[in-house]
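**Q** predicted model follows, preceded by the sequence.
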Amino acid sequence: MLGTFIVTALVAAIGFGRDDPATWKPTLDKSCHAVTPNDRVINIDNATLQECISACVKMGCGCFDVPLTGPGSCRGTMSSIFKASTDRKAYANHTLPPPPPPPSPPPVMPFTLHPLLGDNAVLQRAPSKASIYGWATEAGATITVLFRGQTYESTVEPNSTHLGSLMWNVELPPTPASTTPENITISGLGAEVIMENVLFGDVWMCGGQSNMGVPLEQTFEWFHPDVCNDTSYPINLLKFPHINGLNDSTIHVMNDEPIPWMKSNYTNLATFSAVCYYFGKSLYRHMAADGEIIPMGMVMNEWGGSLIEAWVPDNSPATGELYCSDQSRHNRTGRTPGKLYNSMIVPVSNLTIRGWIWYQGEQDAGNPGSYLNKTGYACLLPALDDSWRHAFRQGSSSDPNFPIGVVSLHGWCGEEEAYCTLNPAERTDWTAAIRWAQTADWGFLPNPRLPNNFVAMGYDQPDPRNGTHCYWNTTSQTCQNVPYPQSCISGKEICPPPAGLEGGNIHPRNKLLLGDRIARAAKAIAYGDTSIAFTGPVVTGCVDNGGKLTVSFNDILMRGESLRIKVTRGFEVRSASTGNWSWVPIATPLGVQQEVEVVVDTSSVVSSIDAVRYNWLDNIACPDAYCDYTKPLINQSCANGGSPHHRHDTDLNFWWCFNPTEKIALYTAESDLPAPPFILDVVQGKCVMPGQAQ
């Protein structure tokens, strides 16, 4: 008897009834063989089971064999009936077996877990209560949760938030952080589900548009060996899928298909949000340095190219009042405001969380609006905070005032010269205005309008070489294109970036620093660490002494750090008579200052001044490039599950390229955090701070 062989999936060439004697010889590899009434052997190469059966029926075969076993095979294991062609007559009387019965449909589960809950999940630690919840088919039924030897019950009942679906929800007692994997058993209505390898720690949601979605494999830090060793951190990842259309205006009810939690290994990190992960890892390290080992559950929930209005309902869910009076936003987009609130926020609002971080605003450039006038981004961001907190307050045991962190927009130029020029009369300043609106017109976070928010500045970290993708060919003396992420250098030879791209791409690849900065701010505001510096120098006022403007900064928010001046450029003042802006230099010597104030030389402005602004630019780093290309290359990186390998010498590495000291003026001396940009009126020789004239 001949052994079993495997049939491939597709028919390359089926020769039903071919008369060529060459086809009569039976072969023994990946073929369907049949014996016809004329005693001929028919070979059908690369046939599937069903194709073999169909061919034999059509040709009236009395004998056939299918080289498959299991469901659908011919009498179970008939693949061994084949022998050489001289033996084929012995099988002429074999009959075609009955077709196999159709497979049984999968059983309908009487209850299911919410897709966010499953193996490897991280649940929110104490003092909050983590929820185990889902759907069921029978109202009034009891669902039981077994956790650490104790049982907890919930009754299945309609849920109005999720379109009247039948839901159950069990709140576990407040559970301290734990890195020991645990199992949670859920049972009811004759079924049972087990959540395995569950950790308790802090769950952070990460929302926004494409910069929040940029994966680690597209960043500089992806090449650093530290990424390969991140399996040692108890940080688990979940990517919430894009569901419903961008124009959907209804609350979305999710299906019960699980969304898997993933371990933070090299493979899973490749496509996960870089800012979200680096925030979680940096926060974990900050907590560990204080002796607290807190697992992190990072949930990626973003939508590239989205406007902020898509994430905010028109009316307050709590009061029904209209959030913002700027109805032009409906006409501006032609889409329904609140569509992503309905499909991406409400469906996850039963999950108990620690907080959110938010990286979005590029799509809203040109619509900063005004908080006082209830228009634009300055109105919509506080509305986002309010509506999200309300949703999670209604759906879970999350802190009703959970913290929300904001990543301030980085600098970039794009293809428009107006984004890049330093000439105040020619530039747009759209991104600069959105940065201000990201603080609800205060210039810093937290503030009285956004009291439990925090911010990380990113405008000093553009990516001036992203998008060029070329290297210097020393033979032809020309720039050559190469695949991403290689860049335009070879030794000290630099290819000039294309015209209009001097300021880099809208998706900067240096995400590690942003993740660390937002984690520092979270440690200070969300976790109440009063020892850590979390913001750069924040302006508190100014005095115009005629030819000299003294600008003061808040040393309390700087947590006792000194002020460092790195360059003299950064300030502009506006002439009260002409309304024109002029660049004015810093007169205070460079270096670390004992006083938290800066003197600006305004003697070049003939008339009195009525406003001052600092780094009010779309991209403070352009138009000229500023990377230090003289430093040695670092060619170590990770691949194949974590083994270092050597990269081509034209690869760009974040460790040596990004040197903001050449462009940004004011930083904290020790933590190296940049001063937030600001714009203030000067009234009767003094700056009017946000809120004082309101």
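**A** Done, it's in. Numbering: from 1, shown residues only.
**Q** the nearest residue to residue 178 once chain neighbours are set aside: helix or strand, and which one exactly?
**A** Spatially, and ignoring its direct neighbours in sequence, residue 178 is nearest to residue 200 (4.8 Å; Cβ to Cβ, 6 or more residues apart in numbering). (C-beta placed from N, C-alpha, C; glycine too.) Using DSSP states H and E, residue 200 sits in strand 191-208.
**Q** where does this structure have its least confident helix or strand?
**A** One helix or strand of the chain scores below all others by mean pLDDT, DSSP states H and E: strand 643-646, with a mean of 29.
**Q** flag every buried residue along stretch 285-298.
**A** Neighbour-count burial for stretch 285-298 flags 286-287, 294-298 (criterion: 16 or more other Cβ atoms under 10 Å).
**Q** whoops, stretch 265-278 was the one
**A** Residues 265-266, 268-269, 272-278 are the ones in stretch 265-278 that count as buried (16+ other Cβ under 10 Å).
**Q** alpha carbons only: can I get it in PDB?
**A** Provided in PDB are the C-alpha atoms of stretch 265-278 (Å, rounded to 0.1, in the frame of the first residue of the first chain):
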ATOM      1  CA  ASN A 265       7.400  42.000  22.400                       C
ATOM      2  CA  TYR A 266       9.300  43.000  19.300                       C
ATOM      3  CA  THR A 267       6.800  41.600  16.900                       C
ATOM      4  CA  ASN A 268       3.700  43.200  18.500                       C
ATOM      5  CA  LEU A 269       5.400  46.500  19.000                       C
ATOM      6  CA  ALA A 270       6.100  46.900  15.300                       C
ATOM      7  CA  THR A 271       2.600  48.100  14.500                       C
ATOM      8  CA  PHE A 272       1.600  49.600  17.800                       C
ATOM      9  CA  SER A 273       1.400  53.400  18.600                       C
ATOM     10  CA  ALA A 274       4.900  54.600  19.400                       C
ATOM     11  CA  VAL A 275       3.800  57.600  21.500                       C
ATOM     12  CA  CYS A 276       1.300  55.400  23.400                       C
ATOM     13  CA  TYR A 277       3.900  52.700  24.100                       C
ATOM     14  CA  TYR A 278       6.800  55.000  25.000                       C
END
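**Q** if you average the pLDDT over it, what comes out?
**A** Averaging pLDDT along stretch 265-278 gives 89.
**Q** again with stretch 447-455
**A** Mean predicted confidence for stretch 447-455 is 94.
**Q** any stretches of the stretch 301-450 of the chain with poor pLDDT?
**A** 326-336, 412-427 (pLDDT under 70).
**Q** which residues in it form strands?
**A** 355-359, 404-407 (DSSP state E, counting those that start in this stretch).
**Q** by how many degrees do the first one and strand 191-208 diverge?
**A** Angular relation of strand 355-359 and strand 191-208 on a 0 to 180 degree scale: 40 degrees, by axes from the mean of the first three to the mean of the last three Cα atoms, to 10 degrees.
**Q** and strand 355-359, what's buried?
**A** Residues of strand 355-359 classed as buried by neighbour count (16+ other Cβ under 10 Å): 355-359.
**Q** and of those, the nearest to residue 453?
**A** Residue 453 lies nearest to residue 358 out of the buried residues of strand 355-359, by Cβ to Cβ, at 9.0 Å.
**Q** is it true that that closest one touches residue 405?
**A** Yes - using Cβ atoms under 8 Å, residue 358 is in contact with residue 405, at 6.8 Å.
**Q** picking that back up, and of the strands of the stretch 301-450 of the chain, who's closest to residue 563?
**A** Per Cβ to Cβ, nearest to residue 563 of those: strand 404-407, 23.4 Å.
**Q** tell me the strands beside the closest one, with direction?
**A** Strand pairing for strand 404-407, determined by DSSP bridges: strand 355-359 (parallel), strand 453-456 (parallel).
**Q** closest to residue 342 out of these?
**A** With respect to residue 342, and counting by Cβ to Cβ, the nearest of those is strand 355-359 at 17.1 Å.
**Q** just the CA trace of that closest one, in CSV.
**A** Provided in CSV are the C-alpha atoms of strand 355-359 (Å, rounded to 0.1, in the frame of the first residue of the first chain):
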residue,chain,number,x,y,z
GLY,A,355,-6.8,58.2,32.1
TRP,A,356,-6.2,59.3,28.5
ILE,A,357,-3.5,60.9,26.4
TRP,A,358,-4.5,62.9,23.3
TYR,A,359,-2.3,63.6,20.2
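**Q** which residues does that strand contact?
**A** 204-209, 211-212, 275-276, 279, 302, 384, 388, 399, 402-407, 514, 518, 522, 526 (Cβ atoms under 8 Å, 6 or more residues apart in numbering).
**Q** which parts of the stretch 51-200 of the chain are strands?
**A** Secondary structure of the stretch 51-200 of the chain (DSSP E, counting those that start in this stretch): strands located at 63-65, 111-113, 122-124, 131-136, 142-147, 150-155, 157-159, 165-171, 178-188, 191-208.
**Q** give me whichever of those strands is most buried.
**A** Mean neighbours per residue, mean count of other Cβ atoms under 10 Å, is largest over the strands of the stretch 51-200 of the chain for strand 122-124, with a mean of 27.
**Q** what comes into contact with that strand?
**A** Contacts for strand 122-124 (Cβ under 8 Å, 6+ apart): 130, 172, 175, 198-203, 236, 261, 295-297, 351-354, 397-398.
**Q** what is the mean pLDDT for the helix or strand following the strand holding residue 200?
**A** Counting by DSSP H and E, the next helix or strand C-terminal to strand 191-208 is helix 210-213. On average, the pLDDT along helix 210-213 is 92.
**Q** which SS class is residue 276?
**A** helix (DSSP: H, G, I helix; E, B strand; the rest coil).
**Q** mind listing what it touches?
**A** 204, 206, 212, 298-300, 357, 515.
**Q** residue 442 contacts residue 451, correct?
**A** No - at 10.8 Å, residue 442 does not count as touching residue 451 under the criterion of Cβ under 8 Å.
**Q** ok, the two, which is more surrounded?
**A** When residue 442 and residue 451 are compared for neighbours, residue 442 comes out ahead with 21 against 12, by other Cβ atoms under 10 Å.
**Q** mind checking pLDDT for the residue lying closest to residue 564 once chain neighbours are set aside?
**A** Excluding the flanking residues, the one nearest residue 564 by Cβ to Cβ, 6+ apart is residue 669, at 4.3 Å. pLDDT recorded at residue 669 is 91.
**Q** adding distance to residue 619, write the strands of the stretch 51-200 of the chain out as a markdown table.
**A** Listed next are those as a markdown table, based on distance: least, Cβ to Cβ, whole Å:
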| stretch | distance to residue 619 |
| --- | --- |
| strand 63-65 | 71 |
| strand 111-113 | 46 |
| strand 122-124 | 37 |
| strand 131-136 | 44 |
| strand 142-147 | 52 |
| strand 150-155 | 53 |
| strand 157-159 | 47 |
| strand 165-171 | 48 |
| strand 178-188 | 43 |
| strand 191-208 | 20 |
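**Q** and the closest residue to residue 316 other than its chain neighbours, what does it touch?
**A** Spatial nearest neighbour of residue 316, chain neighbours left out: residue 323 (6.1 Å); criterion: Cβ to Cβ, 6+ apart. If a contact means Cβ under 8 Å, 6+ apart, then residue 323 has 312-316, 374, 379-380, 383, 386-387 as its contacts.
**Q** which of those residues count as buried?
**A** For those, a burial check counting by 16+ other Cβ under 10 Å picks out 312-314, 374, 379-380, 383, 386-387.
**Q** average pLDDT across stretch 594-612?
**A** Mean per-residue pLDDT for stretch 594-612: 90.
**Q** quick check: longest helix of this structure.
**A** Of all segments of type helix in the chain, defined using DSSP state H, the longest is helix 376-395.
**Q** and the angle for it with strand 355-359?
**A** Using the same axes, to 10 degrees: helix 376-395 against strand 355-359 is 150 degrees.
**Q** list the buried ones in helix 376-395?
**A** Within helix 376-395, the residues that count as buried by 16+ other Cβ under 10 Å are 376-393, 395.
**Q** next one: phi and psi at residue 218?
**A** With angles defined as degrees, to the nearest 10, residue 218 sits at phi -110, psi 20.
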